[in-house]
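Chemist: sequence and predicted structure, then a few things I'm wondering about:
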Amino acid sequence: MAKQSLFSSGKTATKLGASKDVTFSFYAPLAKEVLIGGTFNEWNPSKGRLKKSSDGTWKGIFNLKPGRYEYRYRIDGKWENDQGRVPTVANPFGSLNNIIEVK
(Lines give C-alpha, C1' and ligand atoms only; values in the text may rest on other atoms or scores of the structure.)
Protein backbone atom coordinates (compact mmCIF):
# COMPACT_ATOMS: atom_id res chain seq x y z
CA MET A 1 0.00 0.00 0.00
CA ALA A 2 1.35 3.41 -0.92
CA LYS A 3 2.25 5.88 1.76
CA GLN A 4 0.28 9.04 1.81
CA SER A 5 0.00 12.23 3.73
CA LEU A 6 -2.10 15.27 3.32
CA PHE A 7 -3.16 18.40 4.96
CA SER A 8 -6.09 20.53 4.03
CA SER A 9 -7.51 23.69 5.39
CA GLY A 10 -11.01 25.02 5.74
CA LYS A 11 -12.06 28.42 7.05
CA THR A 12 -13.55 28.61 10.51
CA ALA A 13 -14.52 32.25 10.04
CA THR A 14 -15.25 34.50 7.10
CA LYS A 15 -12.86 37.35 7.99
CA LEU A 16 -9.68 37.74 6.00
CA GLY A 17 -6.80 36.38 8.08
CA ALA A 18 -9.05 34.31 10.33
CA SER A 19 -7.91 31.03 11.86
CA LYS A 20 -8.49 27.88 9.83
CA ASP A 21 -8.91 24.22 10.66
CA VAL A 22 -5.96 22.34 9.19
CA THR A 23 -6.07 18.54 8.95
CA PHE A 24 -2.77 16.66 9.20
CA SER A 25 -2.68 13.00 8.11
CA PHE A 26 -0.08 10.27 8.28
CA TYR A 27 -0.48 6.71 6.98
CA ALA A 28 0.97 4.30 9.55
CA PRO A 29 -1.29 1.24 9.94
CA LEU A 30 1.08 -0.56 12.32
CA ALA A 31 1.82 2.43 14.57
CA LYS A 32 0.63 2.43 18.15
CA GLU A 33 0.81 6.23 18.52
CA VAL A 34 1.13 9.15 16.12
CA LEU A 35 1.70 12.68 17.38
CA ILE A 36 2.64 15.93 15.69
CA GLY A 37 4.90 18.63 17.04
CA GLY A 38 5.59 21.98 15.50
CA THR A 39 5.84 25.68 15.93
CA PHE A 40 2.04 25.82 16.25
CA ASN A 41 2.10 23.77 19.51
CA GLU A 42 5.52 24.76 20.86
CA TRP A 43 7.04 21.48 19.59
CA ASN A 44 5.09 19.62 22.24
CA PRO A 45 3.85 16.40 20.59
CA SER A 46 1.62 15.62 23.59
CA LYS A 47 -0.49 18.60 22.40
CA GLY A 48 -0.71 17.03 18.92
CA ARG A 49 -2.29 13.60 19.28
CA LEU A 50 -3.69 12.14 16.06
CA LYS A 51 -6.49 9.55 15.88
CA LYS A 52 -6.29 6.35 13.86
CA SER A 53 -8.96 5.60 11.27
CA SER A 54 -9.93 2.13 10.06
CA ASP A 55 -7.72 2.40 6.96
CA GLY A 56 -4.55 3.00 9.04
CA THR A 57 -4.39 6.74 8.45
CA TRP A 58 -3.89 8.90 11.52
CA LYS A 59 -5.56 12.33 11.45
CA GLY A 60 -5.72 15.43 13.58
CA ILE A 61 -7.38 18.81 13.09
CA PHE A 62 -5.70 21.94 14.43
CA ASN A 63 -7.02 25.49 14.34
CA LEU A 64 -4.17 27.66 13.03
CA LYS A 65 -3.86 31.36 12.38
CA PRO A 66 -2.43 32.48 9.03
CA GLY A 67 1.34 32.10 8.93
CA ARG A 68 4.25 29.77 8.27
CA TYR A 69 4.68 26.75 10.53
CA GLU A 70 7.29 24.03 10.84
CA TYR A 71 6.31 20.56 12.00
CA ARG A 72 7.24 16.87 12.20
CA TYR A 73 5.39 13.71 13.11
CA ARG A 74 6.35 11.54 16.09
CA ILE A 75 5.58 7.91 15.28
CA ASP A 76 5.93 5.51 18.22
CA GLY A 77 8.58 7.80 19.75
CA LYS A 78 10.56 8.48 16.55
CA TRP A 79 10.49 11.80 14.65
CA GLU A 80 9.47 11.42 10.99
CA ASN A 81 8.89 13.78 8.09
CA ASP A 82 5.64 14.19 6.23
CA GLN A 83 5.10 11.44 3.65
CA GLY A 84 3.88 13.88 1.01
CA ARG A 85 5.76 16.32 -1.13
CA VAL A 86 5.90 19.31 1.17
CA PRO A 87 8.55 21.99 1.54
CA THR A 88 11.24 21.41 4.15
CA VAL A 89 13.86 23.41 5.99
CA ALA A 90 16.97 22.25 7.85
CA ASN A 91 16.72 22.14 11.63
CA PRO A 92 19.53 22.37 14.23
CA PHE A 93 19.44 18.59 14.80
CA GLY A 94 20.75 17.67 11.34
CA SER A 95 17.40 16.68 9.88
CA LEU A 96 14.56 18.49 8.14
CA ASN A 97 11.33 20.06 9.33
CA ASN A 98 8.24 20.19 7.15
CA ILE A 99 6.66 23.55 6.32
CA ILE A 100 3.03 24.52 5.96
CA GLU A 101 1.74 27.97 4.99
CA VAL A 102 -1.71 28.81 6.27
CA LYS A 103 -3.38 31.67 4.38
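Modeler: Perfect, I can see it now.

Chemist: relative to R85, how far out is the nearest residue to G77 once chain neighbours are set aside?
Modeler: Spatial nearest neighbour of G77, excluding adjacent residues (Cβ to Cβ, 6 or more residues apart in numbering): E33 at 7.8 Å. All C-beta atoms are positioned from the backbone trio N, CA, C, and that covers glycine. Noted for E33: a distance of 25 Å to R85, by Cβ to Cβ, to the nearest Å.

Chemist: tell me which of the two has more neighbours.
Modeler: E33 (14 against 7; other Cβ atoms under 10 Å).

Chemist: so what strands line up beside the helix or strand where Y69 lies?
Modeler: Secondary structure assignment for Y69, by DSSP states H and E: strand 67-75. Strand pairing for strand 67-75, determined by DSSP bridges: strand 34-38 (antiparallel), strand 78-80 (antiparallel), strand 96-102 (antiparallel).

Chemist: show me what counts as buried in the last one.
Modeler: This points to strand 96-102. N97, N98, I99, I100, V102 (16 or more other Cβ atoms under 10 Å).

Chemist: what about the protein, any weak spots by pLDDT?
Modeler: Scanning the chain for pLDDT under 70 picks out 1-16.
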